[in-house]
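Model the structure of this input:
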Amino acid sequence: MSPTEATLTYEAESTFEAAMPTRELTLAEARAWLEELCRAEDLDTPDLHVARLRPTSEAAAVPDEWCLLVADVAPTQHTLLHELAHLSCANRGHGREFRTQLVRYLRRWVSIEHAADLHARFVAVGLGVDPFAATR
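Numbers count the residues shown, from 1 in each chain. From the prediction side, this is the model:
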C-alpha cells in the first residue's frame, strides 16, 4: 500500500521542521502574530485555544468555529501556518492548494529559505505544489 497524500505531506513537513525549525511563540505572541498576519492576508483572525488533542496531533483547524487548537502553550510558527492554511483553502485537506498556501505563508511570514526548503521537500516526494516564486 502506498502512502497517502496526507501522510507524505506530514512526512515532508516533519523532516522540514527537524532541519529548519521555526520559532516557538507564547500564546500571547501567537495571537498577536496571527492577528497581524490575518489582517495582511485579509482573513478573519481565528480564535486560538489550547486543547487536549490526539497524542499524534500538535494542532487542529476547526473551520466551523473558525479557530485553531494547539496542544502546546508554545506552538511553532510552522504549526500555526499549517493550520491557518487549512482554514484559508477551499479544500480543507492536504492537497496541492494546501501545500502551495503553506509554502506561500512560510515565504511571507518566516523566510524565503524556509519556504524554498519545504517546497523542495514536497517536490522530492512527488507531491504537487505550485512553482516556487523567488521574488515577491
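
Run through the helices of this structure in chain order.
5-19, 27-41, 77-88, 96-109, 112-124 (DSSP state H).

can you put these in TSV and add mean neighbour count?
Yep, even glycine has a C-beta here, placed from its N, CA and C like the rest. Shown next, in TSV, are these (neighbours: other CB atoms under 10 Å):
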stretch	mean neighbour count
helix 5-19	16
helix 27-41	15
helix 77-88	22
helix 96-109	21
helix 112-124	18
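
Which among those is found nearest to Thr56?
Set against Thr56 and scored by CB to CB, these come closest in helix 5-19, at 9.4 Å.

want to try CSV for the helices of the chain, with distance to Val50 as columns?
Formatted as CSV, these follow (distance: least, CB to CB, whole Å):
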stretch, distance to Val50
helix 5-19, 20
helix 27-41, 7
helix 77-88, 12
helix 96-109, 22
helix 112-124, 25
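
quick one: low-confidence parts of the chain?
Where the chain drops to pLDDT under 70, the residues are 1-2, 134-136.

The same query, at a cut-off of 90, please.
1-3, 5, 54-58, 72-74, 90-93, 131-136 (pLDDT under 90).

Find the nearest non-adjacent residue to the residue nearest the centre of it, please.
Nearest to the geometric centre of the chain sits His82, at 1.4 Å (CA atoms, centre = their mean). Nearest non-adjacent residue to His82, counting by CB to CB, 6 or more residues apart in numbering: Leu102, 6.0 Å away.

ok, the one you found - contacts?
81-82, 85, 118 (CB atoms under 8 Å, 6 or more residues apart in numbering).

Of those, which is the nearest to Thr4?
Checking those against Thr4 by CB to CB gives His82 as the nearest, at 16.7 Å.

Identify the residues contacting that closest one.
Counted by CB under 8 Å, 6+ apart, His82 has contacts 13, 59, 102.

make it 10 Å
Applying CB atoms under 10 Å, 6 or more residues apart in numbering, we find His82 in contact with 9-10, 13, 17, 58-59, 61, 68, 75-76, 94, 98, 101-102, 105-106.

Looking at the residues you listed, which is nearest Leu37?
Among the contacts of His82, Tyr105 lies closest to Leu37 (CB to CB), at 7.7 Å.
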